[in-house]
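In: starting from these lines, generate the structure:
(one chain, ligands or ions: 2)
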Amino acid sequence: MHVSDLCKFSFGLVLVFLINAVYCQWGWQLPYPYACVERPVQAICRMQANPNVPFASGISGIVIFTQRITCYGHYALQIKASISGLPADGNWTYHGFHIHQSGDMSNGCESMGPHFNPFNTVHGSQRDSVNRRHVGDLGNVVKDPYGNIQAAIFDNLASLVGRNSILRRGIVLHATEDDLGRGNNEESLRTGNAGRRLACCFIEPL
Ligand SMILES: [Cu+2]
Ligand SMILES: [Zn+2]
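Out: Ligands and ions are numbered 1, 2, ... in the order given. Sure thing, here's the model as predicted:
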């Protein structure tokens with residue numbers, strides 16, 4: 001290859017990456033136009049019992065995140081959770097289910113910090129507007145009488161890309177029902193009074 005050809009080639013290459021950077025605001029460094037092809041992005045979270053809560057010891061499960069991404073935008077995040085080992089107490093019960101700030105499990109689920117809240121707002125529900133909920137607010141999941149949870153959640157705010165990315169953060173399953181910010185007290189607007197952290201996991205990219 002002639003030197004000036006090589007020069008043109010590398011200029012072309014630089015141009016391709018510049019266009020890519022402009023079109024793909026999500027930080028993906030795939031060559032244009034490949035980045036504009038719709039593709040699924042996935043993440044996984046392996047639920048573990050919180051070692052700080054003795055009665056939670058039997059809990060385990062898996063949470064799978066799937067989202068379709070194009071460089072023009074992204075679709076709702078799909079969250080599928082399958083968790084077992086909760087008390088088989090014969091009741092259907094609600095349990096708060098959130099994305100927490102940090103993926104740190106060095107001190108069990110307590111070290112995962114507060115709800116993921118990049119907009120610095122109050123606690124709410126998935127149906128609340130951006131300034132009335134945390135990005136991490138996924139509401140409640142339901143436990144069956146045998147102690148199992150099967151949940152499918154869609155969320156338009158939490159994402160696997162961009163500013164609202166939940167990658168490398170944590171999922172926490174709580175002992176009691178999230179009041180979705182409607183508890184008429186201060187704690188309700190912070191945590192939804194969802195109680196202790198039964199189990200949690202680190203959200204890792206797939
Ligand atoms: Cu929580
Ligand atoms: Zn919250």
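In: gap between M112 and S60?
Out: For M112, the distance to S60 equals 17 Å [Cβ to Cβ, to the nearest Å]. In this view, the C-beta of every residue, glycine as well, is placed from N, C-alpha and C.
In: neighbour count for the two, which is higher?
Out: Counted by other Cβ atoms under 10 Å, M112 and S60 do not tie: M112 has more neighbours, with 27 against 15.
In: what bridges to D155?
Out: L77 (DSSP bridges).
In: contact partners for it?
Out: Going by Cβ atoms under 8 Å, 6 or more residues apart in numbering, D155 touches 76-77, 79, 126, 138.
In: any of the residues you listed buried? List them.
Out: If you count burial by 16 or more other Cβ atoms under 10 Å, the buried members of the contacts of D155 come out as 77, 79, 126, 138.
In: ok so, going back, closest to ligand 2 among the contacts of D155?
Out: When those are ranked by distance to ligand 2 (Cβ to the ion), L138 comes first, at 8.9 Å.
In: excluding chain neighbours, what is closest to that closest one?
Out: Spatially, and ignoring its direct neighbours in sequence, L138 is nearest to F97 (4.9 Å; Cβ to Cβ, 6 or more residues apart in numbering).
In: quick one: is stretch 195-206 near ligand 1?
Out: No - judged by Cβ under 5 Å from the ion, stretch 195-206 and ligand 1 are separated, with a smallest distance of 6.7 Å.
In: and the chain, what are its domains?
Out: The chain breaks down by automatic domain parsing into domains covering 1-36, 38-205.
In: where does the prediction get shaky in this protein?
Out: Residues of the chain meeting the criterion pLDDT under 70: 1-35.
In: now stretch 187-197 - C-alpha only, PDB.
Out: Extracted C-alpha coordinates of stretch 187-197, given in PDB (Å, rounded to 0.1, in the frame of the first residue of the first chain):
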ATOM      1  CA  GLU A 187     -39.000   7.200  55.400                       C
ATOM      2  CA  SER A 188     -41.700   6.500  52.700                       C
ATOM      3  CA  LEU A 189     -40.200   9.200  50.500                       C
ATOM      4  CA  ARG A 190     -36.700   7.600  51.000                       C
ATOM      5  CA  THR A 191     -37.200   3.900  51.000                       C
ATOM      6  CA  GLY A 192     -40.900   3.100  50.700                       C
ATOM      7  CA  ASN A 193     -40.700   1.500  54.200                       C
ATOM      8  CA  ALA A 194     -39.800  -1.800  52.500                       C
ATOM      9  CA  GLY A 195     -37.900  -3.100  55.500                       C
ATOM     10  CA  ARG A 196     -34.800  -5.200  55.800                       C
ATOM     11  CA  ARG A 197     -32.800  -6.400  52.900                       C
END
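In: all good on my end, thank you.
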